[in-house]
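Visitor: got a structure for you, letters missing:
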């Protein structure tokens, strides 16, 4: 499997597709930084966590970096996985690899891992670039807690991306045609990213509770909730608070452990979604006929 | 003979959507021979190979390669067997050498050893000078050669070649056929699937003809030819300087000769066994100058057509 993983990684890093993705990510970091530059003066209040504000502050027109990341992670995930299996099948290389003494699952495992590693490198690079330039810009060093929060956010991003990679791989196993697998992944992304969260849920929901519940079927919504709780420590709950409860709340940020407590369900759901997608594609791939005709 | 059977199937059956593609196939291929697997399109040749390699599960029956059950121990089979698919594909962004190196790595061949072997096989299939060009730029014929190099790089004990000469120029075909013919000497058994009968005839020691998933006939080439076309007999043609009725009588008296037909100076003799020595003796003793004599060879075309029409 290491051999396949290594080859896939080499493929990713030399492909034009990844170069474009890297450029996109770079552009997003620049835009995010610019947004922070515009808005950070007003955003930093006495609650502290100035460094986290670099990621969450939006400018006058430009959205915050986290919004860019929330938008790009699915695209990157789909781009890394949509042709994983069916391109090998249509080019006739799948046959050739599987007639070598390798377990069939190492092919799909290797591809999935290579995708996750590539995504992780991209995300880590983004955050390091933004942190570095941000440090120059605002001159406030991050505290230990901020670093931990950013790290957890990075983990969330990777898990969220892994979900999209495994979804894309699932379609690449199910459909023989590369165009169909790409379009179906994009369709799912559009459905959950726009139609579901912006139109269907508001139309169907009869109460705020129902609205939140329905919203949480969308992986993107889960990711956004997790992002907010992690990077905006004063965010103190994802449910509904009555005005009576709000009256008793102190306007201070939650400690890290409490923030973690709030987003445990989001974390487990995202991991679960990624695992289910990957498991289904794994099982389908293991049982699939190999012949192309 | 005590020759080892390396590829063996027992009542091997495969169904696709209820259609039986391979039907209780029993196949035996002995070590160090070139076995030609023939049959019309859709006869089940490729499916049989896929089952032998453990890439497809049979509906019933067993396939064994070197004693390993292909369905249960596919990895052991794949360590010993090489497979050249009909539609061979490479990573277009990698060079020929890198493609081979990847396969060598998948087979856990050490770097030094794989380097040596890659040079060797690239040389053997005649693409050494383009080894550092991306495989995507290769022509169909060059890809086919690379495919054969790819199969040989792991030094398999048995190779399954599905249409190995498709898309090659005549010179390339000769080169590849010579290569295939030499494989048994290096300890590799070859199973060759092809529609080009003259190629099969040139390199194969024995053949099996499949039709509708069943083995119609299996055996060595000359034996099959005699059985199919001459009722199990040899046909010997003798050309002399002039027609001679006495000679016909003399030859007719040789024991084992079944029938002699004279067509001008040409005699067609049907015999039970190879009686060339006796016939020459008879001709020479009759004081008739002998111009030429040959045993009729049976073309695989004839055998194939005969069995295929029966099947």
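Guide: Alright, I've got the coordinates. Please read all numbers here as calculations on a predicted model, not as lab measurements.

Visitor: going forward, measure contacts between C-alpha atoms and count neighbours the same way
Guide: Fine.

Visitor: for the residue in chain A positioned nearest to chain B, which non-adjacent residue is closest in space?
Guide: Per C-alpha to the nearest C-alpha, residue A:92 is where chain A lies closest to chain B, at 4.2 Å. Closest residue in space to residue A:92, ignoring its immediate chain neighbours: residue B:89 at 4.2 Å, by C-alpha to C-alpha, 6 or more residues apart in numbering or on different chains.

Visitor: which helix runs longest in chain B?
Guide: Criterion DSSP state H: the longest helix present in chain B is helix B:111-125.

Visitor: what's the next secondary structure element after it?
Guide: helix B:140-152 (DSSP states H and E).

Visitor: what about residue B:136, distance to chain A?
Guide: Between residue B:136 and chain A the computed distance is 11 Å (C-alpha to the nearest C-alpha, to the nearest Å).

Visitor: and for residue B:189?
Guide: From residue B:189 to chain A the distance is 17 Å (C-alpha to the nearest C-alpha).

Visitor: surely that residue and residue B:7 touch.
Guide: No - proximity of residue B:189 to residue B:7 does not meet the contact threshold set by C-alpha atoms under 8 Å, at 9.3 Å.

Visitor: looking at the two, which one has more neighbours?
Guide: residue B:189 (25 against 20; other C-alpha atoms under 10 Å in any protein chain shown).

Visitor: roughly how far does residue B:221 sit from residue B:5?
Guide: 18 Å (C-alpha to C-alpha, to the nearest Å).

Visitor: now do residue B:275
Guide: From residue B:275 to residue B:5 the distance is 33 Å (C-alpha to C-alpha).

Visitor: now swap in residue A:123 and tell me
Guide: On the measure of C-alpha to C-alpha, residue A:123 and residue B:5 end up 56 Å apart.

Visitor: more neighbours, the two?
Guide: Ranked by neighbour count (other C-alpha under 10 Å), residue A:123 and residue B:5 place residue A:123 first, with 21 against 16.

Visitor: the more buried one: which element?
Guide: helix A:104-138.

Visitor: before we move on, what about residue A:11?
Guide: Per DSSP H and E: helix A:2-14 holds residue A:11.

Visitor: need the residues that contact that helix.
Guide: With C-alpha atoms under 8 Å, 6 or more residues apart in numbering or on different chains as the test, helix A:2-14 has contacts from A:18-19, A:106-107, A:110-111, A:113-115, A:118, B:102, B:105-106.

Visitor: how about those residues in TSV, adding pLDDT?
Guide: Putting the contacts of helix A:2-14 into TSV (pLDDT from 0 to 100) gives the following:
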residue	pLDDT
A:18	89
A:19	91
A:106	91
A:107	92
A:110	94
A:111	94
A:113	95
A:114	95
A:115	94
A:118	94
B:102	93
B:105	92
B:106	91
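
Visitor: before we move on, back to that, the helix holding residue A:123: what's the following helix or strand?
Guide: With DSSP H and E, the next secondary element past helix A:104-138 is helix A:144-174.

Visitor: contacts for the helix or strand just after that next one next, please.
Guide: From helix A:144-174 onward toward the C-terminus, using DSSP H and E, the following helix or strand is helix A:178-190. The contact list for helix A:178-190 (C-alpha under 8 Å, 6+ apart) reads A:74, A:78, A:82, A:83, A:86, A:87, A:167, A:168, A:171, A:172, A:174, A:175.

Visitor: now those: which count as buried?
Guide: A:74, A:78, A:82, A:83, A:86, A:87, A:167, A:168, A:171, A:172, A:174, A:175 (16 or more other C-alpha atoms under 10 Å in any protein chain shown).

Visitor: rewinding a little: what angle do the helix holding residue A:11 and helix A:104-138 make?
Guide: 40 degrees (axes from the mean of the first three to the mean of the last three C-alpha atoms, to 10 degrees).

Visitor: in helix A:2-14, which residues are buried?
Guide: A:3, A:4, A:5, A:7, A:8, A:9, A:11, A:12.

Visitor: and stretch B:172-184, by the same measure?
Guide: Result for stretch B:172-184 [16+ other C-alpha under 10 Å]: buried residues B:172, B:173, B:175, B:176, B:177, B:180, B:181, B:183, B:184.

Visitor: quick one: distance of stretch B:150-166 to the chain centre.
Guide: Centroid separation between stretch B:150-166 and its chain, computed with C-alpha atoms, centre = their mean, to the nearest Å, is 13 Å.

Visitor: low pLDDT regions in the chain?
Guide: Just so you know, I chose chain A. Low-confidence segments of chain A (pLDDT under 70): A:43-47, A:236-238, A:291-293.

Visitor: meant chain B actually
Guide: In chain B, residues with pLDDT under 70: B:1-2, B:228-232, B:297-298, B:308-311.

Visitor: ok, the closest residue to chain A within it - contacts?
Guide: Closest to chain A within chain B is residue B:89: 4.2 Å, counting by C-alpha to the nearest C-alpha. The contact partners of residue B:89, taken as C-alpha under 8 Å, 6+ apart, are A:91, A:92, A:93, A:96, B:143, B:147.

Visitor: who wins for most neighbours among the residues you listed?
Guide: residue B:147 (26 neighbours).

Visitor: what sits against it?
Guide: Residue B:147 touches B:84, B:88, B:89, counting by C-alpha under 8 Å, 6+ apart.
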